[in-house]
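model the structure of this input:
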Amino acid sequence: MKLCNQYYARNASLTIAVFFGVALSNQMARGQSPIGPSVYFTNYFDSNGMTVFGGPRNQIYVPQTYGVVASPDGQRIYVSSPGMRAIYVIDTRSNLPVDLISLDSPPSALAMSPDGTLLYATTYSNLAVINTATKALVANPAVGLTPLGVAVAPNGSKIYVTNYNSDSVSVITTKNFKVKSTISVAVPGSFAAPSPVAISPDGATAYVVLSGASSVAVLDTDRDSIIAMIPVGPGPTSVAFTPDGHRAYVTYGSTVSIIDTASLTVTASLQIGDQIEAVGVGAQGDYAWVTHPFSQQVSVIDTTTNAVTTVSTPSTTWFVAINDIRMAIDIQPGTFPNAINLNGSGKVQVAILSRPGFSAPDQIDRAQLTFGHTGHEQSLVSCNAKGDDVNHDGLPDLVCWFDTARSNLQPGDTVGIVRATIYNSAPDALVTGIDSVKVTAN
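Numbers count the residues shown, from 1 in each chain. Presented below is the predicted three-dimensional model:
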């Protein structure tokens, strides 16, 4: 696996558009960013290292960083370093590198399986599949030319890889890590240049940024086909969804456009006033963080008011990772789709799934357990104190019931959101769980 010098020369002017990552990590660090949890910013050309808002230190000296992704439990940040042909592992408690994963070929974009056991890294023409416990290469399927974006379905069943120089998207099944299908995103008369990709929280669609075609391709993940093309500004560079999936933020030039995912149209465009690169939205959904690759700044968008605040940073900012812990949940266990009738029984069953090192029945604070349209609704009715092994993995899960009316779920909602606090962490950590729903009012 080698990335030739011609690749860098050929794409030098496009570096900011293609080598980046947005990760949503997950553990409340000891400090706070100016308006929320700790946030990590990477860069490639600035020698000052990574910038951190919050935590025990505000800079991490890791060389030549590009892509970034967070472990679901929030304990690790993974950062690719193409020049070093390695992926650095950062402990979020100390904000220090604690491990190194070496590769034969330079890694760029990163993604992770929902359970955190597998790390995915795009290389020159492959997708490296890495066991996070052993650091061993599990698989290395060939994809298209210059894969520069990667995203994993929320249920972990499929991986989407964008192939910049092939104008295509490779769909890989995690059953055997083979390419299941290849989707052409070619646009007549232009070089589409698919770069980043993001999957909606309900897993139904994938948004592929076409840097050369000034648009976003919307893929139906069930049929793995294009269902819409959304025009945006010239040279778009990244995309991120709000946790409820109602909006997607797209960056290009000095502008952030906001897409309404129901109508598939741009409903607002915000002028940032400087060249920007990547955008990330945290699990709380309150803010979107926007990076500035050529100036020592970060912009923060209030997602309720669209107000923009720009703050100074010690170094340039290219990529962003926001510290939000994710937990696996199952709404209406044993059924699919997860149907919720607003005129039905009046209760919604939700299972919070345990994993090794995390016992949901023992560690979830019921007094701060909320569920619904935004995840902040005080709708809890009761929980099964003893737990129940819902997914048959040998670990007891926390099963709870929530009041449908107080959840404020609405027809058209595609996800339900649970928010909670975990005991026995330092400090108590805020966590978020999201699962797809089909809401009706019959």
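
which residues in the chain form helices?
5-10, 15-18, 360-363, 404-407 (DSSP state H).

low-confidence ranges in this structure?
Along the chain, the model assigns pLDDT under 70 to residues 1-37, 46-47, 424-428.

domain parsing for it?
The record's domain parsing of the chain by automatic domain parsing lists 5-325, 329-440.

now the last one: how far from the chain's centre is it?
What it means is domain 329-440. Distance of domain 329-440 from the chain centroid (C-alpha atoms, centre = their mean, to the nearest Å) equals 20 Å.

so that it lines up with my notes, have the first residue be 17 from now on.
Sure thing, new numbering starts at 17, so read that last one as domain 345-456.

quote the end-to-end distance of that domain.
21 Å (C-alpha to C-alpha, to the nearest Å).

just stretch 116-124 next, same as before
Termini of stretch 116-124 sit 15 Å apart (C-alpha to C-alpha).

which outside residues touch it?
Residues outside stretch 116-124 that contact it (C-beta atoms under 8 Å, 6 or more residues apart in numbering): 17-19, 34-35, 82-83, 94, 96-99, 101-105, 135, 137-140, 142, 144, 146, 151, 153, 163-164. C-betas here are computed from N, CA, C, even on glycine.

drop anything exposed from those residues.
Among these, those classed as buried by 16 or more other C-beta atoms under 10 Å are 19, 34-35, 82-83, 94, 96-98, 101-105, 135, 137-140, 142, 144, 146, 163-164.

of those residues, which belong to strands?
94, 96-97, 102-105, 135, 137-138, 144, 146, 163-164 (DSSP state E).

can you count the residues close to residue 289?
Using other C-beta atoms under 10 Å, residue 289 has 13 other residues around it.

show me what contacts the residue nearest to it when sequence neighbours are not counted?
Closest residue to residue 289 apart from its sequence neighbours, by C-beta to C-beta, 6 or more residues apart in numbering: residue 270 at 5.9 Å. Residue 270 makes contacts with 287, 288, 289, 290, 291, 292, as judged by C-beta under 8 Å, 6+ apart.

mind doing that once more with 10 Å?
Residues in contact with residue 270 (C-beta atoms under 10 Å, 6 or more residues apart in numbering) are 249, 286, 287, 288, 289, 290, 291, 292, 306, 308, 315.

how about residue 105?
Contacts of residue 105 (C-beta under 10 Å, 6+ apart): 87, 91-95, 113-117, 135, 148, 151.

weed out the non-buried ones from the contacts of residue 270.
249, 286, 288, 292, 306, 308, 315.

what's the closest of those residues to residue 416?
residue 306 (36.0 Å; C-beta to C-beta).

from memory residue 96 sits against residue 146, does it?
No: applying C-beta atoms under 10 Å, one finds residue 96 not in contact with residue 146, separated by 11.2 Å.
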